[in-house]
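K.L.:
3D, please:
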Amino acid sequence: MLACVTMKMLRHAKCFQRLAIFGSVRALHKDNRTATPQNFSNYESMKQDFKLGIPEYFNFAKDVLDQWTDKEKAGKKPSNPAFWWINRNGEEVRWSFEELGSLSRKFANILSEACSLQRGDRVILILPRVPEWWLANVACLRTGTVLIPGTTQLTQKD
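P.N.:
Next comes the predicted model:
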């Protein structure tokens, strides 16, 4: 299945009407490794012994963004914006991890329920440079749908 999300569709989505926005590398794995130099005198044995821990199931939105939200709520992490967008007029949009999670879950519900999209389905996203583009991106990560970014110059003929 293929879905196409446009700015016009977002304007009509009830949960996005109130937004009125339309007009440091961090370790992701619990076994953080330090950036200390390695002794490469025996590179071949290091290469053979190296095992990359790849989880069987990984979802960036759930396993990283939602974890940061929980850490901020518990006071284990300072509250910093998860998303900070400034347009050319200097207007800002800042979302905390909690806000980004909540809004992206609403968008994910639209994709999975209203649009009946399932994991592996493709979503063509034709939006200008607006914060909703990033919400759609995180929502696609949450649902397992494949985001295909499209330029706003695409027409029906394309």
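
K.L.:
make it CA atoms for all contacts and neighbour counts henceforth
P.N.:
Noted.

K.L.:
helix, strand or coil for the spatially most central residue of the chain?
P.N.:
For the chain, the residue nearest the mean C-alpha position is Val138 (2.8 Å; CA atoms, centre = their mean). Here Val138 is helix, with the state taken from DSSP: H, G, I helix; E, B strand; the rest coil.

K.L.:
got the phi and psi for Asp121?
P.N.:
Dihedral pair for Asp121: phi -70, psi 160, per degrees, to the nearest 10.

K.L.:
any idea how far it lies from Ser102?
P.N.:
22 Å (CA to CA, to the nearest Å).

K.L.:
do the same with Phe50
P.N.:
38 Å.

K.L.:
of those two, give the one with the bigger neighbour count.
P.N.:
The neighbour count for Phe50 versus Ser102, taken as other CA atoms under 10 Å, is higher for Ser102 (14 against 9).

K.L.:
buried stuff in the one helix or strand that one maps to?
P.N.:
Counting by DSSP states H and E, the element that carries Ser102 is helix 97-109. Buried residues in helix 97-109, counted by 16 or more other CA atoms under 10 Å: 97-98, 100-101, 103-109.

K.L.:
then stretch 113-133?
P.N.:
Per 16+ other CA under 10 Å, stretch 113-133 contains these buried residues: 117, 121-127, 130-133.

K.L.:
give the rounded mean pLDDT of that stretch.
P.N.:
For stretch 113-133, mean pLDDT is 91.

K.L.:
that one: end-to-end distance?
P.N.:
So stretch 113-133: terminal residues 19 Å apart, CA to CA.

K.L.:
what's the spacing between it and its chain's center?
P.N.:
Here stretch 113-133 shows a centroid-to-chain-centroid distance of 12 Å under the convention CA atoms, centre = their mean, to the nearest Å.

K.L.:
now do stretch 119-138
P.N.:
9 Å.

K.L.:
may I have the distance across that stretch, first residue to last?
P.N.:
Stretch 119-138: ends 14 Å apart by CA to CA.
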